[in-house]
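1. Dropping the sequence and predicted coords here.
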Amino acid sequence: MIIYGVAFLAFCTLAGIFIGELLGKLIGVPANVGGVGIAMILLIFLGSYLKKRGLFTGKSEQGVEFWSAIYIPIVVAMAAQQNVYGALKGGPMAILAGTAAVAIGFALVPALSRIGQKKPEPDVAPSLNKAPR
């Protein structure tokens with residue numbers, strides 16, 4: 001059912017936020033550290049696992065697809081909760097970390113796009129442009 005997909009998404013979000021808060025406390029930062037990213041990773045890996053086991057059916061996927069259609073506004077709303085001013089006031093380390101993360105992300109795009117692509121098969125048929133000898 002579609003509601004199971006929405007519940008699965010809610011579980012991943014809550015688990016990610018909880019783990020992010022826990023990580024923040026462990027490293028001494030009074031903030032959520034990577035909770036949204038952890039939620040997305042949980043969604044991807046748990047979703048793949050459940051789909052391989054046959055426990056995540058087409059109807060359940062529709063619940064996740066519903067929210068993926070409005071993914072950008074949700075992420076913007078979650079990011080708006082973060083203390084951007086405090087991070088910028090904290091010094092250049094926040095700017096450096098953000099810039100490095102974006103640069104690494106851009107650098108990994110070609111490598112990630114090659115994953116899962118099939119290698120082109122060589123042409124076995126003789127070319128029609130060549131004249132027989």
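-> The structure has been received and is ready for your questions.
2. Pick out the residue nearest the middle of the chain.
-> residue 40 (4.8 Å; C-alpha atoms, centre = their mean).
3. Counting by contacts, list what the top helix by length along the chain packs against.
-> If you go by DSSP state H, the chain has its longest helix at helix 2-27. On a contact count with 3 or more C-beta pairs under 8 Å, 6 or more residues apart in numbering; DSSP states H and E, helix 2-27 meets helix 35-52, helix 58-68. In this view, the C-beta of every residue, glycine as well, is placed from N, C-alpha and C.
4. so which of these comes closest to residue 96?
-> Nearest of the helices and strands packed on helix 2-27 to residue 96, taken as C-beta to C-beta: helix 35-52 at 18.4 Å.
5. what residues does the closest one touch?
-> 8-9, 12-13, 15-21, 56, 61, 64, 75, 78-79 (C-beta atoms under 8 Å, 6 or more residues apart in numbering).
6. among those, which ones are buried?
-> The neighbour count (16 or more other C-beta atoms under 10 Å) marks 8-9, 12-13, 15-17, 19-21, 56, 61, 64, 78 as buried among these.
7. quick one on the thing from earlier: quick one: the longest helix of the chain to chain centroid distance?
-> Its chain's C-alpha centre and that of helix 2-27 lie 14 Å apart, by C-alpha atoms, centre = their mean, to the nearest Å.
8. Same question for stretch 41-48.
-> 9 Å.
9. count of neighbours near residue 25?
-> 12 (other C-beta atoms under 10 Å).
10. that older thread, mind checking how far the residue nearest to the centre of the chain is from residue 119?
-> Going from residue 40 to residue 119 by C-beta to C-beta, to the nearest Å gives 29 Å.
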